[in-house]
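A.B. asks: Predicted model follows, preceded by the sequence.
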Amino acid sequence: MRFFIDADLPYSLERLIVASGYAALHVRDVGLGGARDEIIAEFAKSERFAILTGDFDFADIRNYPPADYYGIAVLVLTPKMVSADIHALVRSFLNRHEILKVLEGKLAIVESGRVRLRS
């Protein structure tokens, strides 16, 4: 599995994901740090990456139909979360191997303690 990390998430997540055995690329690595969501989505699709984001615009299946993507994972972030909290949330998501196996073509809403999947 390959993850394309959106600009709203810490750059350091790239190292965490790679250390967990997956490929990862942050939008800043390819000059898309300030890009519109549509550009990020198109890059992820063309390069066969699952999108990892905290941006709930990607949860709108009318604009981003999950079947068109290699997976979309939207993290539910709270205003009080710091980088360590986001790392813990992503680490718990990456440990859900049964979900990662079926993420392609699906939208995952990742919350502390649960992941909801939608086709």
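C.D. replies: Thanks, I have the structure now.

A.B. asks: So what's the residue count around the closest residue to P66 other than its chain neighbours?
C.D. replies: For P66, ignoring the flanking residues on the chain, the nearest one in space by C-beta to C-beta, 6 or more residues apart in numbering is L107 at 4.4 Å. Glycine gets a C-beta too; all of them are placed from N, C-alpha and C. Using other C-beta atoms under 10 Å, L107 has 23 neighbouring residues.

A.B. asks: Quick check, L107 in contact with A67.
C.D. replies: No. Look at L107 against A67 with C-beta atoms under 8 Å: they stay out of range, at 9.7 Å.

A.B. asks: Name the residue most distant from the centre of the chain?
C.D. replies: In the chain, K80 marks the outermost C-alpha relative to the chain mean, sitting 19.8 Å out by C-alpha atoms, centre = their mean.

A.B. asks: Contacts only, for it.
C.D. replies: Contacts for K80 (C-beta atoms under 8 Å, 6 or more residues apart in numbering) come out as none.

A.B. asks: Please state the backbone phi and psi of the residue nearest to P66?
C.D. replies: The phi and psi values for L107, taken as degrees, to the nearest 10, are phi -110, psi 130.

A.B. asks: now do the one 3 residues further on
C.D. replies: The main-chain torsion angles of V110 are listed as degrees, to the nearest 10 and equal phi -100, psi 110.
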